[in-house]
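Participant: coords please:
(chains A and B)
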Amino acid sequence: MTFEEIKSKLKLFTVGIAGAGGLGSNCAIALARVGIGKIIISDFDIVDETNLNRQYFFRNQLGIKKVIALKENILKIDPTIEILTNDLKLDQTNFPEIYKECDVIVEAFDLAEMKQMLIETCITNFPDKPIVLGLGMAGYGKNNLIKFRQSENLYICGDEQSEIGINNPPLAPRVGMVANMQANTVLEILLNK
Amino acid sequence: MKITLNNRIELFEQNKITISELLKLKKFTFKMLVIKVNGELVKKNNYNTFEINDGDNITVLHLVSGG
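Facilitator: Numbering: from 1, shown residues only, chains lettered A, B, ... in the order given. Sure thing, here's the model as predicted:
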């Protein structure tokens, strides 16, 4: 497929991104660059200085809502992308309504509990919808540990073991690797449709 | 019995085991898990009673924080 063909096909699809942190912001930017039609993104947080080591925000956006800042950054790349933002904390009650129209859902939370909530909610409400997970990307190096596997409708990107901690922070290169693997997986799913 | 665990074939002497026994045998020690058996979610409070049988397809996900 030529890039023009890829772009015109991707224009037809809606991708849901749950969380606009390290995974969500970088994944959204990659999807925006290749021309996804519509992105639905949710997060309750504001841009903080400590986010700038890995998240796709800028110093002049400190203090503003992440979903607003991300929408701004996406539109700078492609003003034709439709972006639906939700400034809220996702839970099992509001999640199904917000993401039901998506062709693919990208899990981009930081906390394990939230990842669990998303997976359980999706298996229960959307058993056939493709869900792309980011699991394990803290620290640096260890390129070889980062992998990909599929289990039915769950697509898993990451090393599945590196937990964040004071001495194992999430950093731009490795978080970006997994976020871009997620975006790459989304393309593979959508372009094979 | 023969089962598929995370896309790999595993053989066990027993004819059936519970999820809890499987986790112990395979040394899954993480606290946050998501477990699917033949596509169906198994909730944590059923790990002690839910039985795995020959031919089942099991996915165990460790949920690690970070993103």
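
Participant: chain neighbours aside, what residue packs nearest to the residue nearest the centre of chain A?
Facilitator: The C-alpha lying nearest the average C-alpha coordinate of chain A belongs to A:G24 (Cα atoms, centre = their mean; 3.3 Å). Of all residues not flanking A:G24 in the chain, A:A108 sits nearest, at 3.4 Å (Cβ to Cβ, 6 or more residues apart in numbering or on different chains). C-beta coordinates here come from the backbone N, C-alpha and C atoms, glycine included.

Participant: the one you found: neighbour count?
Facilitator: Neighbour count for A:A108, taken as other Cβ atoms under 10 Å in any protein chain shown: 31.

Participant: repeat for A:K7
Facilitator: 16.

Participant: so it, which state does it fall into?
Facilitator: Secondary structure for A:K7, judged by DSSP: H, G, I helix; E, B strand; the rest coil, is helix.

Participant: state the distance from it to chain B.
Facilitator: 28 Å (Cβ to the nearest Cβ, to the nearest Å).

Participant: so who does the nearest residue to B:L61 once chain neighbours are set aside touch?
Facilitator: Nearest non-adjacent residue to B:L61, counting by Cβ to Cβ, 6+ apart: B:V34, 4.4 Å away. Shown in contact with B:V34 (Cβ atoms under 8 Å, 6 or more residues apart in numbering or on different chains): A:116, A:119-120, B:41, B:59-61, B:63.

Participant: now with 6 Å, please.
Facilitator: Neighbour list for B:V34: A:116, A:119, B:61 [criterion: Cβ atoms under 6 Å, 6 or more residues apart in numbering or on different chains].

Participant: which single one of those residues is nearest to B:N45?
Facilitator: For the contacts of B:V34, the residue nearest B:N45 by Cβ to Cβ is A:Q116; the value is 13.9 Å.

Participant: what residues does stretch A:145-157 touch?
Facilitator: In contact with stretch A:145-157 (Cβ under 6 Å, 6+ apart) are residues A:130-135, A:159, A:177-178, A:181-182, A:185, B:39, B:59.

Participant: got the CA coordinates for it in PDB?
Facilitator: Written as PDB, here are the backbone C-alpha positions of stretch A:145-157 (Å, rounded to 0.1, in the frame of the first residue of the first chain):
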ATOM      1  CA  LEU A 145      12.900  -7.800  26.700                       C
ATOM      2  CA  ILE A 146      10.300  -5.800  25.000                       C
ATOM      3  CA  LYS A 147       8.000  -8.100  23.000                       C
ATOM      4  CA  PHE A 148       4.600  -8.500  21.500                       C
ATOM      5  CA  ARG A 149       2.000 -11.200  21.800                       C
ATOM      6  CA  GLN A 150      -1.700 -11.700  21.100                       C
ATOM      7  CA  SER A 151      -4.300 -13.500  23.100                       C
ATOM      8  CA  GLU A 152      -7.600 -13.500  21.300                       C
ATOM      9  CA  ASN A 153      -8.700  -9.900  21.200                       C
ATOM     10  CA  LEU A 154      -5.900  -8.700  23.600                       C
ATOM     11  CA  TYR A 155      -2.700  -7.400  22.000                       C
ATOM     12  CA  ILE A 156       0.100  -7.100  24.500                       C
ATOM     13  CA  CYS A 157       3.100  -4.700  24.000                       C
END
